[in-house]
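Peer 1: Model the structure of this input:
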Amino acid sequence: MNNRLLTLPLWALVCLQLQAQQPTTIGETTPPTESLQTAPTGTKPLLGRIRSAGDGSPISGATIRVVGVDSSYAGQQGAITRADGTFTLQRPAAAITLEIRSIGYATKTITVADTMTLMATTLQETEALQPTVHVTGIRRQRSVEDACCRVESLQEEVQQHAPFSPSVGEVLRRYSSCTSARISCAIDNSASIRLRGLEPTYVKTLIDGMPVFGGLSTFYGLSLIPAGALQTIKISEGASSGLHGNGAVSGVVDLLLRQPTEVSELNVTANLAGDGASLPEGRDVGVGYTGMAGNVGIAAFGAFNQHQGDLDREAIARNYTRFSGVARANIMADDATELTLTTIGAGESREGTVAGLSGQQPFREAVDLARYDLMLRGARSFTETSELSIAAMFSGMHATHDAGELTASELAQKVMFGNILFRTELAGNNLTIGGEFRSDRMESEQRPDLAYDYSVGSLILQDELPLSEQVGLLGSVRLDNHSAAGSIISPRGSVRYQPIANLTMRLMAGRGFKGQALFDENHLSVDGVYRWRNNPEFDFERSTTFNYDISYSFMIGETAGVDANFNAYWTAIDGKGIPHPDSLAAGTLFMVNSNRPTRLTGMELQLRPNIGEHLSGSVGLALIRYAMQDAAGSYQQLPLAPRANVDASVMYEDRQQGITAEAWGSWIGSQLLPANPSNLAQSPAYTLLNFRVEKAFGKLALYAGAMNLLDQQQERTMPLAFETSNRAVDGSIVWGPIEGREFFAGVRWAVFGGEDEN
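Peer 2: As a prediction, this is how the structure comes out:
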């Protein structure tokens, strides 16, 4: 990596002039004293913080406007609150009046005296938002938690999911091409989440903090969660095994489900989609309800998705019919005790058909899936700073796989998980102490080679110590005992430095690990391309990660603001799991620990501007080098890891007119490819472009748009499926889009409830 790129953020710090201010305060609550930037001549800075009057949470994206001034006013006329609810406003040494607005809150007007440099106030909530209809801009509700380790929360991308992107993978692709779904098999359209270009098995994927993805559900479970049930997706990049354990090597993706609302809401969405040359081939319907039944909060979501591919138009026809549902109940047993019960149920039938391989009859692969999850969480607060939480989960998944004479099997997976965590504040330390246990079992009469049974027990200790308003430290250590691989200790540490209110730097170092995930590495064996043989001597894959990021928010002129983030990382993976070459040549996957180290180096730069009340967007750049040492000692790029990506989006929204228009897309650079029948050494770069428009008529909204507008398709360059030497059909070399242009149109209907309810 170019060292100049790493030093750019440090040069920015050198150029900042810091000035300590002794604040004078007003408002209901006073924010902590923070250093402010030196004010221009004739003006001085006002630092403010806006919180919700209901729960005290910071309000991001609120607009602050100076009102009642004439043309001689020399100060900044507006600002937008950052993720932590703070803003900075340059104003003259005179009394000013501020008007504060945020969607979902009552507008507030407040007068600030000429001597005041620090203020805080709260906004009163009006009525609950209907998140799938009313939004504030595609990037305004994204936030980075003000903690020692960078955790980015995606809200707008999730709440804008719409039926035209009904999978979690498509939602993540709107965020970044580096954090999205990786297609594992073009024939059955199986997919899993990847981070930083690493294999999906290095990502820990959770639902409400519980590890429901693994084994079968690594590749087949992602689509069985209705996107309409999601509220937020939290992404923690970098080694996180110190808190999250086995598999958290490249990071953690936590899918947070929507919570019940005090005001009852019922929403229905539906759409049709197709390529424009035939009858619509895609049909999606979603229903969501949130409300109260006495003292019990209820949230329930269901979805029906159907896609019918056309073999006459495509080299591969992928058909699926899916039913999925999520229901949850929140119960306040008393003022200090809360119970949450969540159930997930889904069923799906997939069929992939490949035309004319080597002049043979079309190849057909069918997969029938079913999953069910039961999650229970209880939390009790003893004091304002002490809480005990207990969580338990049982998850089951069943798959029937039929690929004709190649392979036919039934697989059944059962996962149990439980943890107990105690959080408290002691002598300024925020302590977390706990333990957890997870067992995972796979059974198959037809394919005993794919069966396994393992468990992991863990102890966790974490301490977060704020040394001052500007500096905070975090340290954690975790002890895991894997029934197959043995015991391992995973430390993690980080430091946060915030020299001024709108600038935060974090430096993190941590260890990650992954025991043999068995089914996670052998998706091709289910397709019959390879047999599977377990290696009882397989040891942990170990990683070490150093991560540096800097977040900076600033105003441009009077009505525009930008959130900027720079992130650089280096990861070393030792003992990486690879197939033994001799067994692979014999058609068997036998995983061993490589003695050649693997290195991941990369950087990400994200800019998220907001212009006035209507325009917002984002621009992101990612550069990645993921390489393994060869026999000569040099590092060679690994296949199917994009080396450069650019993501961009822009949204225009006028809530008064009920108009929303957005466009988003990605440029994905070339990828090194594994051996393939086309003898293609690397994939060509390609661009994905999408758009949609929406018009609201009260509680009814109509929308339309297009996905993959440029009609990019991988199979024009290299086949998506081909025969192997053992006459199996391999559809795993997927580096680009597997479907072409698709148009969609649909309707959203807020049947009752939401912001406009009287």
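
Peer 1: Low-confidence regions, the stretch 301-450 of the chain specifically.
Peer 2: Scanning the stretch 301-450 of the chain for pLDDT under 70 picks out 356-359, 404-407.

Peer 1: what ranges do the helices span in the protein?
Peer 2: Taking DSSP state H, the helices of the chain run over residues 3-15, 156-159, 168-173, 216-220, 241-244, 523-526, 581-585.

Peer 1: Where do the strands of the stretch 301-450 of the chain begin and end?
Peer 2: When secondary structure is read from DSSP state E, counting those that start in this stretch, the stretch 301-450 of the chain shows strands at 316-334, 337-354, 363-383, 386-402, 408-426, 429-443.

Peer 1: Report the buried residues of the shortest one.
Peer 2: By that I understand strand 429-443. Within strand 429-443, the residues scored as buried using 16 or more other C-beta atoms under 10 Å are Asn430, Leu431, Thr432, Gly434, Glu436, Arg438, Asp440, Met442, Glu443. (Each C-beta comes from the backbone N, C-alpha and C, glycine too.)

Peer 1: got the CA positions of it in CSV?
Peer 2: Extracted as CSV, the C-alpha positions of strand 429-443 are listed here (Å, rounded to 0.1, in the frame of the first residue of the first chain):
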residue,chain,number,x,y,z
ASN,A,429,-14.3,1.0,34.1
ASN,A,430,-17.1,-0.4,31.9
LEU,A,431,-16.7,-4.1,32.5
THR,A,432,-18.3,-7.0,30.6
ILE,A,433,-17.9,-10.5,32.1
GLY,A,434,-19.6,-13.6,30.8
GLY,A,435,-19.5,-17.0,29.1
GLU,A,436,-21.3,-18.8,26.3
PHE,A,437,-21.7,-22.2,24.7
ARG,A,438,-22.5,-23.3,21.2
SER,A,439,-23.1,-26.7,19.8
ASP,A,440,-23.5,-27.5,16.1
ARG,A,441,-24.6,-30.9,14.7
MET,A,442,-25.1,-32.0,11.1
GLU,A,443,-26.8,-35.3,10.2
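
Peer 1: circling back to that earlier point, want to throw the strands of the stretch 301-450 of the chain into CSV with distance to Gly602?
Peer 2: Shown next, in CSV, are those (distance: least, C-beta to C-beta, whole Å):
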stretch, distance to Gly602
strand 316-334, 32
strand 337-354, 33
strand 363-383, 33
strand 386-402, 32
strand 408-426, 31
strand 429-443, 29
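
Peer 1: which two from the buried residues of strand 429-443 end up farthest apart in space?
Peer 2: The span of these, defined through C-beta to C-beta, is set by Asn430 and Glu443 at 42.3 Å.

Peer 1: where are the low-confidence patches of the stretch 101-250 of the chain?
Peer 2: In the stretch 101-250 of the chain the weaker segments, taking pLDDT under 70 as the threshold, are 114-118, 126-150, 155-165.

Peer 1: As a check, name the ranges of all strands in it.
Peer 2: Going by DSSP E, counting those that start in this stretch, the stretch 101-250 of the chain shows strands at 108-112, 118-123, 143-144, 152-154, 179-185, 190-195, 203-207, 230-237.

Peer 1: With respect to Asn565, which of these lies nearest?
Peer 2: Nearest of the strands of the stretch 101-250 of the chain (C-beta to C-beta): strand 143-144, 6.8 Å.

Peer 1: Now do the same contact list for Trp664.
Peer 2: Ile138, Arg174, Asp647, Ala648, Ser649, Val650, Asn690, Phe691 (C-beta atoms under 8 Å, 6 or more residues apart in numbering).
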